[in-house]
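J.: Here's a sequence, model it:
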Amino acid sequence: QVQLVESGGGLVMAGGSLTLSCAASGRIIRIDAMGWYRQAPGQQREWVATIGKYGNIEYANSAKGRFTISRDNARNMVYLQMNSLKPEDTAAYYCNAEVVVDAITSYTPHFWGRGTQVTVSS
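T.: Here you go, the predicted model:
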């Protein structure tokens, strides 16, 4: 199996910065796209940013200009640097990865981490 573990969440004042990390481990042949999602209390999980295996990046409008996604393929990690944080960024942030787990069939399921809480105070 594959495990994703997020870290780096915490409490920060509005305007501050945080960097989230996500480490993937387990039966990994290759990791394709990696991304970040978030879920605020009482709301649906929403997409934040994605980085493809070739480094192509997309951001949700809420993240553009403030958040930066990056990855370290050698370490199977993805990061989310968040600047100019706002109270509305408060949410649990989840890592997602498309992981090739079978070299013969190229079976590529999605995996999720358990999340890390980000709280932005006003």
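
J.: now the closest residue to residue 27 other than its chain neighbours: how far from residue 1?
T.: When the adjacent residues along the chain are set aside, residue 27 lies closest to residue 101, with 5.3 Å between them (CB to CB, 6 or more residues apart in numbering). No exception for glycine: its C-beta is placed from N, CA and C like everyone else's. Separation of residue 101 from residue 1 (CB to CB, to the nearest Å) stands at 8 Å.

J.: same question, residue 106
T.: Taking CB to CB as the measure, residue 106 and residue 1 are separated by 17 Å.

J.: what does residue 25 give?
T.: The spacing between residue 25 and residue 1, counted by CB to CB, is 10 Å.

J.: Kindly report the same for residue 119.
T.: From residue 119 to residue 1 the distance is 30 Å (CB to CB).

J.: For the residue most central in space within the chain, which non-adjacent residue is closest in space?
T.: Nearest to the mean C-alpha position of the chain, counting by CA atoms, centre = their mean, stands residue 36 at 2.7 Å. Closest residue to residue 36 in three dimensions, ignoring its sequence neighbours and counting by CB to CB, 6+ apart: residue 48, at 4.3 Å.
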